[in-house]
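Visitor: Sharing a sequence plus its predicted fold:
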Amino acid sequence: MSKRVECSAAERSTSLFVRLSFCPSEHLVSAISQLVSDFCQMGLRDLDISYRFRMAAHELAENITKYSTNSRVSLEVELAEVEGVQMLSVRTRNETSPERLIEVEKRLKELKSAVDPVELYDRMIEETAPLEGVSGLGLARIRAEGGLDFDYEITGNELTLVVQAPVPKPYPMGSA
Amino acid sequence: MLTLPAIRANGFALVPLDGPAPAVKLSGNADAEAISPLDRFLKLLHKNLTDEGCTSVAVDLGELYFMNSSCLKAFVSWIYKVNTTGRPYQIRLQMNPRQPWQRRSLEPLKRLAPSVVSLDEVIDTKPEARAAGRSVTPGDIRGA
């Protein structure tokens, strides 16, 4: 299964871009999500958007830390104009086990096709409520609570996951 | 009066509050390091409240700046337990209106058990910021 998650250069004009390559570590997750929040706040000056993307980056970075099978991981944040619309996106890449890929693809398909992501999130909360241990709610939370769209690509054992949303036009750099 | 030990971890604190009604305060960033202490604390809190026959507990989140999905799941498990064991007490989640993420994150908990959970907005817990008339900054989100 493979899905295209890139746009051609002709279709996008990037305003801000950050790429982090790092060894998966629980201790880095909060620092990464804070950096994403600061990046969003610097470019857009909107606390609500900054929080939504901070939460998404945090959940994605935690997943990378939990499930990566090697140290080749990255997280990118991009603010770009795509086909006339300003889009903010967070993209993660990591390799994981075939079993995890099957599980995460099933979850991503369910989230992408959900007519009502909030209803799906509520149902997942009800289903996991009696269970002890891992929440399994992170991706659904990004979709429902963050209001962000998903896209993904699986190539071999590598998962590329993109969460994104349209945002207002960014502030010019250096303006007060 | 709650007889629970306060927990202070790296960037996160859980503290029982003094007062006539049972209340606890969560502050800081509830991320991976907070999951186990939070889970243990909520289980102890439940036992404490049921042993004492309490009818409600307030949870002050005014200075909580972030909560990951695993910590949210700890709340889900706690609320589920209260909701499925006779609803012995009400849970009043007290949010900070200056942090709009809290309502979005906590609304699903109310929908899980509307007869157990209420969401209340509380007065700003950082009066110096309000007096200065400044808006929330990324530093406020971080809790620095």
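Guide: Okay, I see it.
Visitor: Counting neighbours, what do you get for residue 26?
Guide: If you meant another chain, say so; for now it's chain A. Applying other CB atoms under 10 Å in any protein chain shown, we find 13 residues neighbouring residue A:26. No exception for glycine: its C-beta is placed from N, CA and C like everyone else's.
Visitor: hmm, I had chain B in mind actually
Guide: By the criterion of other CB under 10 Å, residue B:26 has 24 neighbours.
Visitor: Now do the SS call for the residue lying closest to it once chain neighbours are set aside.
Guide: Nearest residue to residue B:26 in three dimensions, chain neighbours excluded: residue B:64, at 4.9 Å (CB to CB, 6 or more residues apart in numbering or on different chains). Secondary structure for residue B:64, judged by DSSP: H, G, I helix; E, B strand; the rest coil, is strand.
Visitor: show me the contacts for residue A:122.
Guide: B:108, B:111, B:112 (CB atoms under 8 Å, 6 or more residues apart in numbering or on different chains).
Visitor: distance of it from residue A:91?
Guide: Distance of residue A:122 to residue A:91, computed by CB to CB, to the nearest Å: 28 Å.
Visitor: next one: residue B:64
Guide: Counting by CB to CB, the gap from residue B:64 to residue A:91 is 29 Å.
Visitor: Also residue B:123?
Guide: 40 Å.
Visitor: So for those two, which residue has more residues nearby?
Guide: Each of residue B:123 and residue A:91 has its neighbours counted (other CB under 10 Å); residue A:91 has more, 21 against 10.
Visitor: Please report phi then psi for the more buried one.
Guide: Residue A:91 adopts backbone torsions of phi -120, psi 130, taken as degrees, to the nearest 10.
Visitor: Mind telling me what element the most centrally placed residue in chain B is part of?
Guide: Nearest to the mean C-alpha position of chain B, by CA atoms, centre = their mean, lies residue B:59 at 4.1 Å. Per DSSP states H and E: residue B:59 is located in strand B:56-67.
Visitor: How far off centre is that strand?
Guide: Its chain's C-alpha centre and that of strand B:56-67 lie 3 Å apart, by CA atoms, centre = their mean, to the nearest Å.
Visitor: List the contacts of it.
Guide: Contacts for strand B:56-67 (CB under 8 Å, 6+ apart): A:30, A:33, A:54-55, A:58, B:17, B:21-31, B:45, B:49, B:89-96, B:99, B:101-102, B:105-106, B:122, B:124-126, B:140-143.
Visitor: pLDDT on it, on average?
Guide: For strand B:56-67, mean pLDDT is 96.
Visitor: Okay, now the sheet partners of that strand, with direction.
Guide: Partners of strand B:56-67 in the sheet, by DSSP bridges, are strand B:23-30 (parallel), strand B:90-95 (parallel).
Visitor: by contact count, what packs against the lengthiest helix in chain B?
Guide: The longest helix of chain B (DSSP state H) is helix B:35-52. Applying 3 or more CB pairs under 8 Å, 6 or more residues apart in numbering or on different chains; DSSP states H and E, we find helix B:35-52 packed against strand B:7-9, strand B:12-16, strand B:23-30, helix B:69-83.
Visitor: can the ones you listed go into TSV with extra columns for distance to residue A:168?
Guide: Compiled in TSV, those are given as follows (distance: least, CB to CB, whole Å):
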stretch	distance to residue A:168
strand B:7-9	37
strand B:12-16	33
strand B:23-30	27
helix B:69-83	27
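Visitor: May I see the buried residues of the one helix or strand residue A:16 maps to?
Guide: Residue A:16 is part of strand A:12-22, with elements assigned from DSSP H and E. For strand A:12-22, burial by neighbour count (16 or more other CB atoms under 10 Å in any protein chain shown) applies to A:15, A:16, A:20.
Visitor: Right, I'll leave it there.
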